[in-house]
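S.K.: Provide a 3D model corresponding to the input given below.
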Amino acid sequence: MYKKWLIFVLVVGFLSACGDAAWPEPATTPALASPCMGGEWSLEFNRSGGFAGFDETLVLDSSGKLVVDSINPQASFQRSLPSEEIQRIAVRLEAACPFEPVSKSANCADCFMYTMTVHIDGEKYQLRATDVTLTEEQGALVGELQQYFNTP
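M.R.: From the prediction side, this is the model:
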């Protein structure tokens, strides 16, 4: 009888270890001022991949100058963004930066691959992520920037 219970406990323990258990989130520390704060900034954002094989890049700076260059779909245009939109992007940029590596699995069929290089007051920050590895803050920034691929 003892052996049956021991085997049962071992099997249950083994099977429960194979599950995708949610680990508790670490306690958060009080937010410190972001090192990504600054007056002048510029960024280059690229979105590639997906089912249709997108390859789009935009360059944006704190003055509002926007340049979009897309290979697939093919499009190129320039325009200036209003200060309200630049302020909204700056707030999202401050929340998402610095771009910390994410420990999630990177396996994702037909996902977009995002690369971003940000220059702020002489410092350089880089992001490389996919749809499944973006943090909430990074996702909000990426979502904000993606809308400009479609609006000349």
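S.K.: and K124, bridged to which residues?
M.R.: H119 (DSSP bridges).
S.K.: Is it correct that P98 is in contact with L127?
M.R.: No: the pair P98 and L127 fails to qualify as a contact (CB atoms under 8 Å) at a distance of 9.2 Å. To be clear about C-beta, it is placed using only N, CA and C from the backbone, and glycine gets the same treatment.
S.K.: more neighbours, the two?
M.R.: Applying other CB atoms under 10 Å to P98 and L127 shows that L127 carries more neighbours, namely 24 against 13.
S.K.: quick one, what contacts that one?
M.R.: Residues in contact with L127, defined by CB atoms under 8 Å, 6 or more residues apart in numbering, are 96, 99, 114-118, 138.
S.K.: same thing with I71?
M.R.: By CB under 8 Å, 6+ apart, the residues touching I71 are 55-56.
S.K.: Distance-wise, check the residue lying closest to V132 once chain neighbours are set aside relative to G50.
M.R.: Among residues not flanking V132 along the chain, C108 sits closest, at 4.6 Å (CB to CB, 6 or more residues apart in numbering). According to CB to CB, to the nearest Å, C108 and G50 sit 10 Å apart.
S.K.: ditto for Q138
M.R.: Q138 sits 17 Å away from G50 when distances are taken as CB to CB.
S.K.: Walking through the chain, point out its helices one by one.
M.R.: Chain-ordered helices for the chain, with DSSP state H as the definition, fall at 2-18, 83-96, 136-146.
S.K.: Neighbours of D131, how many?
M.R.: Taking other CB under 10 Å as the definition, D131 ends up with a neighbour count of 15.
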